[in-house]
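Participant: how would this look folded up:
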Amino acid sequence: MRLLIAILPDEAIRSELIRIQKEMKTNGVSGTYTDPYNLHITLAYIGEYPDTETVMEILETVDYEPFEITLEGIGAFKKIYWCGIRENAGLDSYVRRLRHALSDHQIPYDPKPFFPHVTLVRKADAPLPPVKPWPLQMRASRISLMRSQRTEKGMLYTELDAVE
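Facilitator: Numbering: from 1, shown residues only. This is a model prediction of the structure:
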């Protein structure tokens, strides 16, 4: 099963991300929009891995102090449009500890540098419009183990378990 570790947005942040998506559509951006209930911040993408119990055991051992997450800016990776997350030492520190713990237990993950963002649109076919998020904040007090599945309707992310 394909796994990832993520932070899910609260309802206020989700609503703001949906507003941004609607504004992008109004500005002529078409593509594959992320379903509102699939919006998340990926902390570590594990990929195919069968043992969710071991991953949860590791998550429970990583020291975690809740921190604030703030939406900041819109950007693009080629044809992927995203909403950024303001630089945050608590988030960066947690991700380093998390990835170190995964490595220590030989659980593979995508080693790309961590760049906190929420993917809004894939395969975008118009220039990035001048859309700006409100700098909303949420307290990140929950880390989720997610399952990623390809379906005929697109990607489906399901929370399997979480630590608080």
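Participant: now the helices for this protein?
Facilitator: In the chain, the helices defined using DSSP state H lie at 11-26, 52-61, 89-104.
Participant: Can you check which of these gets nearest to residue 142?
Facilitator: Evaluated over the helices of the chain, closeness to residue 142 peaks at helix 52-61, with 10.9 Å, by Cβ to Cβ. For glycine as for every other residue, the C-beta is placed from the backbone atoms N, C-alpha and C.
Participant: okay if I get the helices of the chain as a markdown table plus mean neighbour count, distance to residue 69 and mean pLDDT?
Facilitator: Shown next, in a markdown table, are the helices of the chain (neighbours: other Cβ atoms under 10 Å; distance: least, Cβ to Cβ, whole Å; pLDDT from 0 to 100):
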| stretch | mean neighbour count | distance to residue 69 | mean pLDDT |
| --- | --- | --- | --- |
| helix 11-26 | 16 | 8 | 96 |
| helix 52-61 | 15 | 18 | 96 |
| helix 89-104 | 15 | 7 | 96 |
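Participant: closest to residue 148 out of the ones you listed?
Facilitator: Closest among the helices of the chain, using Cβ to Cβ: helix 52-61, at 12.5 Å.
Participant: and residue 47, bridged to which residues?
Facilitator: Each beta-bridge partner of residue 47 is listed here, defined by DSSP bridges: residue 3.
Participant: For the lowest-mean-pLDDT helix or strand in the chain, which helices and strands make contact with it?
Facilitator: The weakest-scoring helix or strand in the chain, judged by mean pLDDT, DSSP states H and E, is strand 154-163 (a mean of 90). For strand 154-163, the packing partners by 3 or more Cβ pairs under 8 Å, 6 or more residues apart in numbering; DSSP states H and E come out as strand 2-7, helix 52-61, strand 143-151.
Participant: Need those in JSON lines (columns: distance to residue 35).
Facilitator: Formatted as JSON lines, the helices and strands packed on strand 154-163 follow (distance: least, Cβ to Cβ, whole Å):
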{"stretch": "strand 2-7", "distance to residue 35": "14"}
{"stretch": "helix 52-61", "distance to residue 35": "22"}
{"stretch": "strand 143-151", "distance to residue 35": "11"}
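Participant: Figure out which of those is closest to residue 37.
Facilitator: strand 143-151 (11.5 Å).
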